[in-house]
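Participant: Generate a structure from the sequence data that follows.
(one chain, ligands or ions: 1)
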Amino acid sequence: MSAAPHSTDPMDAAKRRAAEKAAELLRAGMRLGLGTGSTAWHFVNCVSEKIRGGMALICVPTSETTRAQAAALGIPLTTLDETPELDLTVDGADEFDPKLRLIKGGGGALLREKIVAAASARMIVITDRSKEVSCLGRFPLPVEIIPFGREATRRHVERAARQTGCAGPLAWRKAKSGLDFVTDSGNHILDCAFGQIPDPPALAAALSVIPGVVEHGLFIGLASAVIVADANGIEIKGELHQAASPSRS
Ligand code: 5RP
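Facilitator: I've put the predicted structure just below:
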């Protein structure tokens, strides 16, 4: 697969610029997590260019879609079993707030995305400006749920939401075929349209203890920086570069 010609869509151009900015962080020998989605797609293309230029990188994809793209581009791939610690993960997001808390999972890859981000020394998020919010929740929160007993699990999710100040319709995600969407790990996604999530850590904690909930799309304390691109340029939120470790005397 070769990279597509540059799009004339301004939002896609912004996504590409954010990806190119993140690619400036790449250094020879890095172990990388590759995100999923239309913004991460640009980053994977940038990684491929670096490798073609002679830079040695090894990568863990966060979805089968990204694996296919990376493999087609000849990017060396590994797994977290072989390479359990990564230097950097670059991924998109559906929303980010001023505390760099994220909603992810619009592409259904939240479980692997969170595992890969948690295995990384740094997670850098690349987005266009449309993903910026003052309060998370405008984007329906994806919750990945085991198919067995899913309606019972859904009731627990509703209760957890109520108890943490969230309300709104919950819907099982459908694939284009009209059948239930199935994640790379064989689970279903409950999209929770809360509108606002007043206390993301409380909701995250409440969801995490529900049997049948595999993972949720709240990424809290994982992103080191968000690279936001828009028509005016690039804005960096957070710390793009790793703080130097204190020298030992
Ligand atoms: C996939 C994700 C994506 O990062 C998120 O949906 C953003 O995608 P895009 O870059 O296409 O807007 O979380 O599970």
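Participant: Can you spell out the domain ranges of this structure, please?
Facilitator: Domain assignment for the chain by automatic domain parsing gives 10-132+221-236, 141-211.
Participant: quick one, which of the ones you listed is packed in tightest?
Facilitator: Most buried of the domains of the chain by mean neighbour count (mean count of other CB atoms under 10 Å) is domain 10-132+221-236; its value is a mean of 20. Backbone N, C-alpha and C define where each C-beta goes, glycine included.
Participant: From the chain's centroid, how far away is that one?
Facilitator: Offset of domain 10-132+221-236 from its chain centre (CA atoms, centre = their mean, to the nearest Å): 8 Å.
Participant: wait, does it make contact with the ligand?
Facilitator: Yes - counting by CB under 6 Å from any ligand atom, the ligand has neighbours in domain 10-132+221-236: 35-40, 91-94, 104-110, 113.
Participant: what about that domain, start to end distance?
Facilitator: 19 Å (CA to CA, to the nearest Å).
Participant: any idea of the mean pLDDT in it?
Facilitator: Averaging pLDDT along domain 10-132+221-236 yields 98.
Participant: With distance to Gln242 as extra columns, can I get the domains of the chain in JSON lines?
Facilitator: JSON lines is the format used below for the domains of the chain (distance: least, CB to CB, whole Å):
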{"stretch": "domain 10-132+221-236", "distance to Gln242": "6"}
{"stretch": "domain 141-211", "distance to Gln242": "25"}
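Participant: Can you flag which of the residues of domain 10-132+221-236 next to the ligand belong to helices?
Facilitator: Mapping these onto helices (DSSP state H) picks out Ser38, Thr39, Ala40, Leu110, Glu113.
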